[in-house]
Structure formats: structure tokens, C-alpha cells
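# predicted model and sequence follow; I will ask about them next.
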Amino acid sequence: MRRIALSAAALLLAAHASCANAQTTRLDAAYSVYLTGLPVGRATVTLDLSEAGFVASGSAKTSGLVRLISKGAGSANVKGTFKDNRVIASIFSGSLVTSRREQKIELSVVNGFAKEYKIEPPQQDHEKKRVPITNETRTNVVDPMSAMLALVSKGDILKPESCNRTLPIFDGRYRFNLVLTYARTEKSAPRTEDYQGPVLVCQARYVPVAGHHPEGPALQQMAANRDMFVWLAPVAGTRVLAPIKASVASPIGSFVVEATRFNVSAQR
């Protein structure tokens, strides 16, 4: 349950940017997490974006009755640069705290190569049965928070082709692809403050590459899941699309992460 919820959040935590001594555009977003309509968590994201690069921070935690069963909280920060329509370098740090464990991750990506990464505590011996992380699987990757910084270099930002992309994500432990394809265009949900307009709905497919247990049942369920979607909305004044909603079906119900605030403003 926790892994599926975090997978839904992962579809959202990535589209956030800023640079010193330059005018930037700030996205201040808040999200609610639901399981079959019941509130189970909250998240916030701040993105500062300029022509030179970006800085982002996000946090999430469980809420409601689910905290009586399983408490969880996470946070992440990233700083990076981009060129054309792709992130070329980033420094990412994240932490996850649950009732069972606490984990911290640091990751540095240079020209698409995960040059350095560190996990605390390190993997245990029994986890060495996982598909190994190699230099090849660390090449042409993005960190999990920058992954969905959807940059559209030219043309209509909300064209269907803006959905069609493969996100090669490496978070220090898992290397996987999120394959996005265009599903439809619709209007944003009325519960979202500050943005009422068209959004792209992209279907998502999870493809494991390395770091996973090949026979893990949860992994097999995720890889076979064809009921995962992410909604992308334009960040006004930029060529960036940011997640405004995501959904992941699971055996116990559908997890939905939906923006309640999506405020864009100019910063100095």
C-alpha cells in the first residue's frame, strides 16, 4: 500500500525551479492524497524556474485514519540545470520516514550520468539478489524529482505530443522508466485553486530496469498495471508542464493525488 501511494506521489514530485540574480517563475502547489475517495495524505511542492536552471522542494505525509495504521513522511530537494527540452544536471536529496524504517538518499547527475549516489542506511546482504545497478543503467537518467519537469521547446505547449515521452528515472536504489503516452485533453478539476483550464492526461507505464527483485510480486503488479495516469498543466509564463493530478490503481483501491492549490507568480 505504501509503495503504491509513493508511486502515485512520484508521478507528481518533479517540476520545480529557480536561480539567483534572475527573475524566476514560482509554482506553489499543494496536493491531497485519496484512497478510494478517503483522504490519506498531503503534499506540498515549491518550484522556482528560470532560463538558467531550477530549484525545487517537496514534502509529503500521511493523514487521516491511515496514520493510526501506518505513519509516513518524506521530503525531497533538487537543484539543477537544463538545455533545450531536457534536464542535463541535478543534485538531489531525499528522505523517507515510516514506522518501519528511515532512509536518506543523495544523488548527483552530470550530463545525464548518475555520477555519485549514497543511501543511508546502505542495502543489506539479502538485498543483493536485486538486478545490479551498473554504469550503463546509470547513463541517460534523471533524478525522481526532476523527472517530470516537462519542458516543451516549441509549438503549442498543450499539444498531445507533449505527453509522449519516456522518463528514465534513477533514485539511488531503483532504476526504472515511466513511459507516458497521450490519452486525452480535458479541463482541470474544480477543486484546484488558481488554475481552471485545459490539461493533458497522459497514461503511464512502469518499466523496471535495475535495482529490483525480478520475482517481487509488488513489482510485477506495477509493471502489469495499465491504470496509471498523470494530468499535466502549464506553468504560466514558462514552457513547462507540471503535474496537477495523478492516479494509480491498486488491489485495495485507487490512489489519487490531486492539487488543491496551483499558484504561479513572478519572483526576483
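Now that the structure is in, tell me what you want to look at. Only a predicted model underlies this, so the values are computations on that prediction, with no experimental measurement involved.
# quick one: low-confidence parts of the stretch 1-150 of the chain?
For the stretch 1-150 of the chain, applying pLDDT under 70 flags the ranges 1-22, 64-70, 123-128.
# how about the helices of it, start to end?
Along the stretch 1-150 of the chain, counting by DSSP state H, counting those that start in this stretch, helices occupy 2-10.
# counting neighbours, what do you get for residue 255?
Look at residue 255: counted by other CB atoms under 10 Å, it has 25 neighbours. The way it works is simple: take the backbone N, C-alpha and C, and place the C-beta from them, glycine included.
# what about it, distance to residue 59?
18 Å (CB to CB, to the nearest Å).
# residue 55 against residue 79, yeah?
Yes - look at residue 55 against residue 79 with CB atoms under 8 Å: they come within range, at 4.9 Å.
# how about residue 114, nearest residue that isn't a chain neighbour?
Using CB to CB, 6 or more residues apart in numbering and skipping the chain neighbours, the partner closest in space to residue 114 is residue 138 (4.0 Å).
# pretty sure that neighbour is touching residue 172, no?
No - with contact defined as CB under 8 Å, residue 138 and residue 172 do not form a contacting pair (10.0 Å).
# looking at the two, which one has more neighbours?
Legend: neighbour count by other CB under 10 Å for residue 138 and residue 172, higher for residue 172 (22 against 18).
# what distance do you get for that one to residue 192?
Residue 172 is 32 Å from residue 192, where distance means CB to CB.
# give me the mean pLDDT for stretch 245-262.
Stretch 245-262 carries an average pLDDT of 94.
# just how off-centre is stretch 170-178 within its chain?
Centroid separation between stretch 170-178 and its chain, computed with CA atoms, centre = their mean, to the nearest Å, is 11 Å.
# and what of stretch 119-139?
Distance, stretch centre to chain centre, for stretch 119-139: 21 Å (CA atoms, centre = their mean).
# may I have it exported as CSV, CA atoms only?
C-alpha atoms of stretch 119-139 as CSV (Å, rounded to 0.1, in the frame of the first residue of the first chain):
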residue,chain,number,x,y,z
ILE,A,119,21.9,5.6,0.6
GLU,A,120,21.7,5.6,4.4
PRO,A,121,21.4,3.0,5.7
PRO,A,122,23.1,1.0,3.0
GLN,A,123,21.5,-2.0,1.4
GLN,A,124,21.6,-5.3,3.4
ASP,A,125,23.1,-8.5,2.2
HIS,A,126,19.8,-10.1,1.4
GLU,A,127,19.1,-7.3,-1.0
LYS,A,128,22.0,-8.3,-3.2
LYS,A,129,19.6,-10.6,-5.1
ARG,A,130,18.4,-7.5,-6.9
VAL,A,131,19.2,-6.7,-10.5
PRO,A,132,22.5,-4.9,-10.2
ILE,A,133,23.0,-1.2,-10.9
THR,A,134,25.7,-0.7,-13.5
ASN,A,135,27.3,2.2,-15.2
GLU,A,136,25.1,1.5,-18.2
THR,A,137,21.9,1.7,-16.2
ARG,A,138,23.2,5.0,-14.6
THR,A,139,23.6,6.6,-18.0
